[in-house]
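J.: Here is a sequence together with a model predicted from it:
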Amino acid sequence: MKELLGTVLRIERTSIHDGQGLRTVIFLKGCPLRCRWCSTPESQRSDPERGYAPDRCQLCGLCVNLCPEGALTMSRDERKVIADSTKCRKCFVCAAKCPHNAIKQYGRFMSVPETVREISKDEIFFFTRAVVLLLVEESL
């Protein structure tokens, strides 16, 4: 049987926003809504995608040299890296090797067991408090 995959945008650990308590939040890609006020537009497409922050780019050319498909070129006059989407096969070597974090990978395919294994790493944070509270109550 083929394993079911979803596209995880990011896993946010020790989130304390939107209410009381500590939690791990899994942000998924593939939102069908197109809200004008969307704070996470990189979550809308369901496939992993490449993002580029020209203000972080130092034009070192490492991504251009490492791209196995030759999908990236340097534009000196505009001071940015240009991607040819027809050549890019979304291997994300450029994102993994960018020393300035100018190229990012938004999303990755993960199976349910893989996701559970990843968030299970945070288990100690969720159950430790309950154990401590029980110990405190027993000592009173």
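T.: Okay, I see it.
J.: which residue is nearest the centroid of the protein?
T.: By CA atoms, centre = their mean, the chain has its centre lying nearest to residue 10, at 3.7 Å.
J.: Now do the contacts for that one.
T.: residue 27 (CB atoms under 8 Å, 6 or more residues apart in numbering). Bear in mind the C-beta positions are built from the backbone N, C-alpha and C, glycine included.
J.: And it, how far from residue 118?
T.: Distance, residue 10 to residue 118, by CB to CB, to the nearest Å: 11 Å.
J.: Do a quick rundown of the helices in the chain.
T.: Per DSSP state H, the chain carries helices over the ranges 62-66, 93-97, 112-120, 123-139.
J.: any idea of the mean pLDDT in stretch 123-136?
T.: For stretch 123-136, mean pLDDT is 60.
J.: cool, stretch 49-68 as well?
T.: Computed over stretch 49-68, the average pLDDT equals 94.
J.: Stretch 3-15 too?
T.: The average of the pLDDT scores along stretch 3-15 is 89.
J.: If you count neighbours, what's buried in it?
T.: 6-11 (16 or more other CB atoms under 10 Å).
J.: what's the residue lying closest to residue 76 once chain neighbours are set aside in contact with, if anything?
T.: Distances taken as CB to CB, 6 or more residues apart in numbering put residue 59 closest to residue 76, at 7.6 Å, once the chain neighbours are dropped. Contact partners of residue 59, counting by CB under 8 Å, 6+ apart, are 74, 76, 79-81.
J.: Against residue 106, how distant is residue 59?
T.: To residue 106, residue 59 is 22 Å away according to CB to CB.
J.: returning to that earlier point: so which of the buried residues of stretch 3-15 comes closest to residue 41?
T.: For these, the minimum distance to residue 41 (CB to CB) is 11.0 Å, reached by residue 9.
J.: Quick check, that closest one in contact with residue 30.
T.: No. Contact status for residue 9 versus residue 30: not in contact, 9.1 Å apart, counting by CB atoms under 8 Å.
J.: any common contacting residues for the two?
T.: Common contacts of residue 9 and residue 30 (CB under 8 Å, 6+ apart): residue 43.
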